[in-house]
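J.: give me coordinates for this.
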Amino acid sequence: MPALAGELSSDPDFLSSHLPLWASMEYRAVGSVEEEFAALVGPNIGGIWWSSLIWPDVPDCGVYGEADNARVSLLFNCRAQGLDKRSDDHTVLVHVRRRNRDGSAERHTSWLAEQIGQSVIGPPQE
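T.: Just a heads-up that it's a prediction; the model follows:
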């Protein structure tokens with residue numbers, strides 16, 4: 001049964017008895033919940049998903065402003081979106097909904113990784 005966050009107990013024993021726990025935080029700005037969520041997850045597996053994202057226009061990189069074709073997942077202590085491959089670090093997945101196979105999905109993900117000083121570490125998955 002859904003509940004507002006203010007109605008939930010912050011007691012770890014209460015929360016752990018209700019795992020797995022799913023929460024929706026629509027309309028929360030990026031950067032507003034990540035640190036607190038990571039502290040709550042601790043060594044356990046967890047994830048945050050941002051959806052309905054809009055790509056910016058970056059013509060020199062072949063990236064054009066498009067809406068609703070991307071999602072980003074931040075996985076804590078896990079490697080797979082199914083939250084079933086435990087790891088000792090965190091993984092960021094970029095989901096680009098493209099079916100035209102023109103290389104634009106790779107350009108989009110590479111551009112995004114470069115914004116945080118990283119690079120793409122795996123091939124596209126279908």
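
J.: any idea how far residue 37 is from residue 104?
T.: The spacing between residue 37 and residue 104, counted by Cβ to Cβ, to the nearest Å, is 31 Å. Glycine gets a C-beta too; all of them are placed from N, C-alpha and C.

J.: check residue 124 too.
T.: As for residue 124, its distance to residue 104 is 11 Å (criterion: Cβ to Cβ).

J.: give me the more crowded residue out of the two.
T.: Per other Cβ atoms under 10 Å, whichever of residue 124 and residue 104 has more neighbours is residue 104, with 17 against 12.

J.: from memory the more buried one sits against residue 62, does it?
T.: Yes. Using Cβ atoms under 8 Å, residue 104 is in contact with residue 62, at 6.7 Å.

J.: intersection of neighbour lists for the two?
T.: Listed as contacting both residue 104 and residue 62 by Cβ atoms under 8 Å, 6 or more residues apart in numbering is no residue at all.

J.: remind me, longest helix of this structure?
T.: Ranked by number of residues, the top helix in the chain under DSSP state H is helix 104-115.

J.: quick check: buried residues in that one?
T.: Of the residues in helix 104-115, 104-105, 107-112 count as buried by neighbour count, 16 or more other Cβ atoms under 10 Å.

J.: give me the contacts around stretch 77-96.
T.: Residues outside stretch 77-96 that contact it (Cβ under 8 Å, 6+ apart): 41, 43-47, 69-76, 104-105, 108-109, 112-113.

J.: just these: which are in helices?
T.: Residues from the contacts of stretch 77-96 lying in helices, with DSSP H as the criterion: 41, 104-105, 108-109, 112-113.
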